[in-house]
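**Student:** could you look at this predicted model? Sequence included:
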Amino acid sequence: MTPQVFKDILYNGVWKQNTGLVQLLGMCPILAVSSSVVNGVSLGLATAVVMALSGAAIAPIRHLVPNEARIPVFILIIAVLVTVVQFSMNAYMYGLYVVLGIFIPLIVTNCIVLARIEAFAAKNPTLESALDGFAMGLGLTAVLAVLGGIREIIGHGTLLSGIDLVFGEAAKSWVITVVPNYHGFLLAILPPGAFITLGMLIAGKNWLNLRAEQKLKGSNATITPVDGGCAPAAH
Amino acid sequence: MRRTIAKASIVTALNLLFFTVIGTALLAITYQLTHEPIARSEEQEKLRLVTQIAPASLYDNDIIKDTADLAADKFLGNDDTTVAYIGRLKGEPSIAVLQVIAPDGYSGKIGLIISIHSDGKVGGVRVISHKETPGLGDYIEIARSKWITGFDGTSLESIKDSDWKVKKDGGQFDYMAGATITPRAVVKAVHKALQYFAQHRDEIFKPHPPANVQTGQSEGEKK
C-alpha cells in the first residue's frame, strides 16, 4: 500500500464518502444513539472496530467464497465479529453495554458494514480493506460525536455526561456543564432533534464542498446531490 | 449441465457449512473467555444498585447470594417470579430489596428496586428501567433529580393509605408540573410494595439452605 493509497482511503472514509453525511447509511444508530457525545462516540468506535475487523477477515477469503454464497457468508462473519465485540463490551465495559443495549447487536444489520464489505473488501487486499472499514467507521464516529455534542448541549446543557460509564466512577468529574442551571430542551433529545441536527450538518458539509469547488473551478459549480438509500438491509 | 449445477450447489453448501463451523467455534471460544467476567460485572452492577439503597453496615451476609424467589403478584406488578435480596446482620434479617414494576407509567412499565427495613420503613427506591419522556418524566432517576429519595424512611405507619398519592391528587408526594403520570405510577408501586411486604414479611425473610440456618429461623420470626 503506497502512502497515496493510504491517504486516499482515509480521506474517502472520513470525509468524501462519509457514511453519516454523504452515503447516509446506518441512520438507525445515528438517530437513536446520538443523544450524547459519549454514547455516540462509543457506538461509533464499536462500529469502526467491527468494520475494520470484518474488512480484514473478509478480504483474504474473498476468492474462496462462491459468488452465490457471498452475502450469507459475509453476514455470518459480520455477525460473529459483532457478537465477539458485544461479549467483550458486556464483560469489560458493563455500564456502557447497558446504555448502548440493543444497538450493539444491531451493528450487524447496519448497512454501512455490509455495504463497505461488498463495495470494497470483496474486491481489495486485506490491509486496504481493514483500513477502509476503519476509516469509514471513524467518519461515522466523527459525525456521531458532533451530532451527540450539539444535541447534548442544546438538550441538557452538558458535555461528556455518562463518561463514567466508560472510565469508571472517577471520570464523573470530567463532565462539563456548558450552561449551568439549564432546564433542558426536549426537542434536541428526541428523534426529531437528531433529524434536524443531522440535516444541518449535511447542509454544512455540502456548503464546504461547494465552496472548495468554487475556489477550484471559478464560480460555475453546482451541488451534486448526495446518494442516499440503503440497498442491502434498509431500516 | 445438471452435473455442474449439482456440483456448484454442493460446493456452495459446503462453503457455507465451513464458515458456519468456523464462526460457531469462534463464538464458543469468545463465550468461554468472557462468560465469567460478564457474570462478575453483572453481579457488581447489582451490588452497586443494592448498596445504594441498602447500606452495607446493615448486613454482614452476601446479600446478592441470599435471595428469596417471589412469585408473580399484583402487588409487585411483575409477570414472572422475581428475586428479592435479603440482608442479615448476625443471622437476623435486617433489610430486603424487592424488585417491583409500576405498570402504569406514561410510556409503559417502570422497573424499580426498593429496599425495606425489617421494621417496614423504606430504605430507598431506585428506578432501574423506564421509557418515560427524557427531560420530562425522567426526574424519577437519581441521576436527574433527588425526587426518588422522597420515599426514604416512609412506611405504611408514617403515611396513611389515602395519602400515598402525589400532591396534585391530594396526597403527600411531590411531583413536577407537566409530568404527573410518572410519579403517580411510582408512588402507587412503592405503596403496593410496602403492602406486599407487610403481608409476606416472614415468607421473604425465611432463611433458606445456604443461609445461617440455626440462628436465622427462630430469631427471624420472633421479631
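**Tutor:** All right, it came through fine.
**Student:** got a list of what residue A:126 touches?
**Tutor:** Residues in contact with residue A:126 (C-beta atoms under 8 Å, 6 or more residues apart in numbering or on different chains) are A:55, A:56, A:59, A:60. Just so you know, the C-beta spots here come from the backbone N, C-alpha and C atoms, and that holds for glycine as well.
**Student:** number of residues surrounding the last one?
**Tutor:** In this case it means residue A:60. By the criterion of other C-beta atoms under 10 Å in any protein chain shown, residue A:60 has 12 neighbours.
**Student:** before we move on, what about residue B:26?
**Tutor:** Neighbours of residue B:26 under the rule other C-beta under 10 Å: 16.
**Student:** what strand or helix carries it?
**Tutor:** In this assignment (DSSP states H and E), residue B:26 forms part of helix B:2-53.
**Student:** residue A:187 now?
**Tutor:** helix A:186-189.
**Student:** cool, and residue A:194?
**Tutor:** Residue A:194 belongs to helix A:191-217 when assigned by DSSP H and E.
**Student:** quick check: buried residues in stretch A:114-127?
**Tutor:** A:114, A:115, A:116, A:117, A:118, A:120, A:121, A:122, A:124, A:126 (16 or more other C-beta atoms under 10 Å in any protein chain shown).
**Student:** same deal with stretch A:54-70?
**Tutor:** In stretch A:54-70, counting by 16+ other C-beta under 10 Å, buried: A:54, A:55, A:56, A:57, A:58, A:59, A:61, A:62, A:65, A:69, A:70.
**Student:** as PDB, could you dump the C-alpha coordinates of it?
**Tutor:** C-alpha atoms of stretch A:54-70 as PDB (Å, rounded to 0.1, in the frame of the first residue of the first chain):
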ATOM      1  CA  SER A  54     -14.700  -7.600   9.000                       C
ATOM      2  CA  GLY A  55     -12.800  -5.900   6.300                       C
ATOM      3  CA  ALA A  56      -9.600  -7.700   7.400                       C
ATOM      4  CA  ALA A  57     -11.500 -11.000   7.800                       C
ATOM      5  CA  ILE A  58     -13.300 -11.000   4.500                       C
ATOM      6  CA  ALA A  59     -10.700  -9.600   2.100                       C
ATOM      7  CA  PRO A  60      -8.300 -12.600   2.500                       C
ATOM      8  CA  ILE A  61     -11.100 -15.200   1.900                       C
ATOM      9  CA  ARG A  62     -12.800 -13.200  -0.900                       C
ATOM     10  CA  HIS A  63     -11.600 -15.700  -3.500                       C
ATOM     11  CA  LEU A  64     -12.700 -18.700  -1.500                       C
ATOM     12  CA  VAL A  65     -16.300 -17.800  -1.300                       C
ATOM     13  CA  PRO A  66     -18.500 -18.700  -4.300                       C
ATOM     14  CA  ASN A  67     -20.400 -15.700  -5.700                       C
ATOM     15  CA  GLU A  68     -23.800 -17.100  -4.800                       C
ATOM     16  CA  ALA A  69     -23.000 -17.700  -1.200                       C
ATOM     17  CA  ARG A  70     -21.200 -14.300  -0.800                       C
END
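**Student:** find the nearest non-adjacent residue to the residue nearest the centre of chain B, please.
**Tutor:** Ranked by distance to the mean C-alpha position of chain B (C-alpha atoms, centre = their mean), the top residue is residue B:99 at 3.6 Å. Leaving aside its chain neighbours, residue B:99 sits nearest to residue B:82 (4.6 Å; criterion: C-beta to C-beta, 6 or more residues apart in numbering or on different chains).
**Student:** spit out the contact partners of residue 106.
**Tutor:** As the question left the chain open, I've gone with chain A. Taking C-beta under 8 Å, 6+ apart as the test, what residue A:106 contacts is A:28, A:29.
**Student:** nope, chain B
**Tutor:** The neighbourhood of residue B:106, defined by C-beta under 8 Å, 6+ apart, consists of B:132, B:133, B:137, B:179, B:181, B:182, B:185.
**Student:** within reach of chain A, which of those are there?
**Tutor:** residue B:133 (C-beta under 8 Å from any C-beta of the partner chain).
**Student:** so which of the contacts of residue B:106 sits lowest on pLDDT?
**Tutor:** Lowest in pLDDT among the contacts of residue B:106 is residue B:133, which has 78.
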